[in-house]
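Trainee: Take a look and give me a structure for this.
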Amino acid sequence: MSKEMALIEAMRALAPHPAARGLADDCAVLDFGGEALVLTHDMMVEGVHWLPGQDMADVAWKLVATNLSDLAAKGAEPVGVLLGFTLGGGDARFIEGLAGALAAFNVPLLGGDTVSANGPRSLGLTALGRATHRPPPSRAGARPGDTLWLTGPVGAAMLGFEALRDNSGTDSAAFRRPCPRLAEGCALAPVATAMMDVSDGLLIDAARMADASGVTFAIDGPAVPFPVGLPPARRDEAMRWGDDYELLFTLPPGVQPTVAAFPIGIATNRNISPVIIDGIAPNGPLGYTHD
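Mentor: You can find the predicted model right below:
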């Protein structure tokens with residue numbers, strides 16, 4: 001078990017409120033005044049989530065987009081964000097990027113906090129949303145026989161990171177400026193039996209949803225979409241890399257999604273592995289973890 005998972009396990013005893021969803025979902029869901037308030041908080045660290053010297057306008061965009069992606073996985077409409085900001089170089093560019101992201105996703109900045117510190121910078125954002133369907137989908141609703149769907153390709157962020165790192169001149173936008181699937185999440189919320197966003201890698205996130213649902217996902221490798229130009233030899237790597245922010249969801253047998261999506265597998269009765277690909281349990285780390 002990673003240090004991250006060990007810490008989460010230890011904190012579960014501190015989070016008995018139903019809104020916390022057992023600390024096993026993308027967001028907290030709080031019933032409030034006849035509405036369901038959806039809350040999430042994600043952090044980014046220099047050298048881990050963005051490259052040293054990277055344009056801080058892109059960092060700001062990604063910080064907003066990754067948090068809104070969690071709201072998308074619950075079918076929530078964003079209502080505001082709170083920023084936790086460490087002062088440093090490129091602050092003016094960060095504000096430019098933040099303004100662009102807030103305008104693009106039609107979400108206001110409501111407040112936050114600023115600090116100064118030594119060492120790599122860390123940034124945090126809390127996103128608040130309003131559920132458009134109740135109850136909002138969780139990771140825990142998939143049942144044997146459900147079809148597993150994915151809204152878009154995996155591996156584009158990996159290629160974008162490499163393009164940016166190597167200064168190759170090829171497109172790096174998928175890594176720098178991901179786009180949360182907010183409209184798709186709202187459309188899917190009434191029909192999805194389970195849903196989450198792909199942030200740490202398709203395989204590890206599918207395994208998390210399978211664990212929460214008590215099923216195994218049998219993934220059809222050739223059905224998984226990848227970006228044009230990705231060498232076939234790198235497809236396994238792309239399924240483990242992460243940062244793609246597509247929606248992974250399940251639908252009952254025979255039900256078709258109302259958004260563009262790819263059927264990539266099926267939920268089966270639980271076996272020894274939460275995920276199998278073409279009949280085989282994958283070896284090694286399934287995706288990104290904080291050790």
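Trainee: alpha carbons only for contacts and neighbour counts from here, please
Mentor: OK.
Trainee: What backbone torsions are found at Ala127?
Mentor: Main-chain dihedrals, Ala127, degrees, to the nearest 10: phi -110, psi 140.
Trainee: And the one 4 residues further on, by the same measure?
Mentor: Torsion angles at Ala131 (phi, psi; degrees, to the nearest 10) stand at phi -60, psi 130.
Trainee: so who does it touch?
Mentor: Counting by CA atoms under 8 Å, 6 or more residues apart in numbering, Ala131 makes contact with 35-38, 74-77.
Trainee: Please apply the same query to Arg121.
Mentor: 45-46, 86-88.
Trainee: Mind doing that once more with 7 Å?
Mentor: 45-46, 86 (CA atoms under 7 Å, 6 or more residues apart in numbering).
Trainee: Now for those, which sits with the most neighbours around it?
Mentor: In terms of neighbour count, Thr86 stands highest of those at 18 neighbours, by other CA atoms under 10 Å.
Trainee: Isn't it up against Gly124?
Mentor: No: the pair Thr86 / Gly124 is not scored as a contact, 8.9 Å apart, by CA atoms under 7 Å.
Trainee: which residues of the stretch 101-250 of the chain fall in helices?
Mentor: Taking DSSP state H, counting those that start in this stretch, the helices of the stretch 101-250 of the chain run over residues 156-166, 173-176, 182-188, 202-213, 235-241.
Trainee: Make TSV from those and add distance to Val81, mean pLDDT and mean neighbour count to it.
Mentor: As requested, the helices of the stretch 101-250 of the chain are exported to TSV (distance: least, CA to CA, whole Å; pLDDT from 0 to 100; neighbours: other CA atoms under 10 Å):
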stretch	distance to Val81	mean pLDDT	mean neighbour count
helix 156-166	24	96	19
helix 173-176	20	96	21
helix 182-188	15	98	21
helix 202-213	25	96	24
helix 235-241	27	96	21
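Trainee: Switch these over to CSV; also include distance to Pro274.
Mentor: Conversion of those to CSV gives the following (distance: least, CA to CA, whole Å):
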stretch, distance to Pro274
helix 156-166, 24
helix 173-176, 28
helix 182-188, 23
helix 202-213, 5
helix 235-241, 15
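Trainee: Quick one: closest of those to Gly100.
Mentor: helix 173-176 (13.5 Å; CA to CA).
Trainee: Just the CA trace of the closest one, in PDB.
Mentor: Provided in PDB are the C-alpha atoms of helix 173-176 (Å, rounded to 0.1, in the frame of the first residue of the first chain):
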ATOM      1  CA  ALA A 173      -1.900  21.500 -25.100                       C
ATOM      2  CA  ALA A 174      -3.300  18.200 -23.800                       C
ATOM      3  CA  PHE A 175      -0.800  18.300 -20.900                       C
ATOM      4  CA  ARG A 176      -0.800  22.100 -20.400                       C
END
